[in-house]
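**Student:** Just a sequence and a predicted model for now, questions to come.
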Amino acid sequence: MLDAATIERLAARLDEAERTKSLIPMFTKEYPDFGIEDAYAIQRAWTKLQLGRGRVIKGHKIGLTSKAMQNAVGINEPDYGVLFADMFYADATPIPFDRFHAPRIEVELAFVLKAPLRGPDCTIFDVLNATDYVTPALEILETRMHRVDPETGKTRKVMDTISDNAANAALVLGGRPFRPLDADLRWIGALLFRNGEVEETGLAAGVLNHPASGIAWLANRLAPHDEHLAAGEVVLAGSFTRPVDIRRGDTFHADYGAFGSVSCRFV
């Protein structure tokens, strides 16, 4: 484990990078042996800095939910990060491109909880019972670190991404809210359009076989830290498309068929 002083120092680096919209070297370059628990410790220290500035936690996100992505980065579980209230955008809202450095976008389902979820024995059935409604969502990804080191050409590792709040920056909620038992969530699909052209398609079953599975995993993952998912939280269950690069002026539209659509424009 990294010592407390190092964890605080690395969290401060991330904080500065976000505020200045700059990229810092990946932490695994300087600390090649640091592990996943170190990464989450950095993320918690960074979160504490944000709370100290008045930001408010409104939910969580789950990432790396597909087997293909997990195999690509060499882990066997998803990762997670924190959603702050100032990350949320309404459907069809113009989003300032200058807020980001190198953003990307993904298609997801968001779960809005009506009851708390606590581990260590949380199941998919607990998630469905605790969910008020599910709604289409777009997640905007960002990085505060180089994705590829400019000197060595090496790509960042999962520990870098976890430290960096699981690469989350913002989200857009939209579409038609529905109760979690009103549909087979595995079979909800979406088409992601950029400027009128289809860029990605996907099916929610790609998220750990069922999008509620990741939320149960998260509740259990938080339990050893005496943390839980609170009633009223919004939880992004994980992407079922590949991330698409965002350019200034792009308009994105995700069509979920009978479950509506969600869109945004970067200005």
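**Tutor:** Alright, I've got the coordinates. Numbering: from 1, shown residues only.

**Student:** chain center to stretch 103-116, what's the gap?
**Tutor:** 8 Å (C-alpha atoms, centre = their mean, to the nearest Å).

**Student:** I'd like the mean pLDDT over that stretch, please.
**Tutor:** Averaged over stretch 103-116, pLDDT sits at 97.

**Student:** All the strands of this structure, in order from the start?
**Tutor:** With DSSP state E as the criterion, the chain has strands at 57-63, 79-84, 88-90, 93-95, 104-113, 131-141, 168-173, 189-194, 197-203, 234-236, 244-245, 251-255, 261-266.

**Student:** Show residues contacting the first one.
**Tutor:** Right, the one you point to is strand 57-63. Residues from elsewhere that reach strand 57-63, judged by C-beta atoms under 8 Å, 6 or more residues apart in numbering: 47, 51, 78-85, 87-88, 139, 161, 166-168, 171, 214-215, 217-218, 229, 233-239. Just so you know, the C-beta spots here come from the backbone N, C-alpha and C atoms, and that holds for glycine as well.

**Student:** Any stretches of the stretch 151-267 of the chain with poor pLDDT?
**Tutor:** Nowhere does the stretch 151-267 of the chain drop to pLDDT under 70.

**Student:** residue contacts, residue 116?
**Tutor:** Here residue 116 is in contact with 130, 228, 229, 230, 231 (C-beta under 8 Å, 6+ apart).

**Student:** right, and the last one touches residue 114 too?
**Tutor:** Okay, so that is residue 231. Yes: counting by C-beta atoms under 8 Å, residue 231 touches residue 114, with 6.0 Å between them.

**Student:** list the residues that contact both of these two?
**Tutor:** residue 130.

**Student:** Now the most centrally placed residue in the chain. Nearest residue, chain neighbours left out?
**Tutor:** Among the residues of the chain, the one closest to the centroid is residue 61, at 3.9 Å (C-alpha atoms, centre = their mean). Excluding the flanking residues, the one nearest residue 61 by C-beta to C-beta, 6 or more residues apart in numbering is residue 236, at 4.1 Å.
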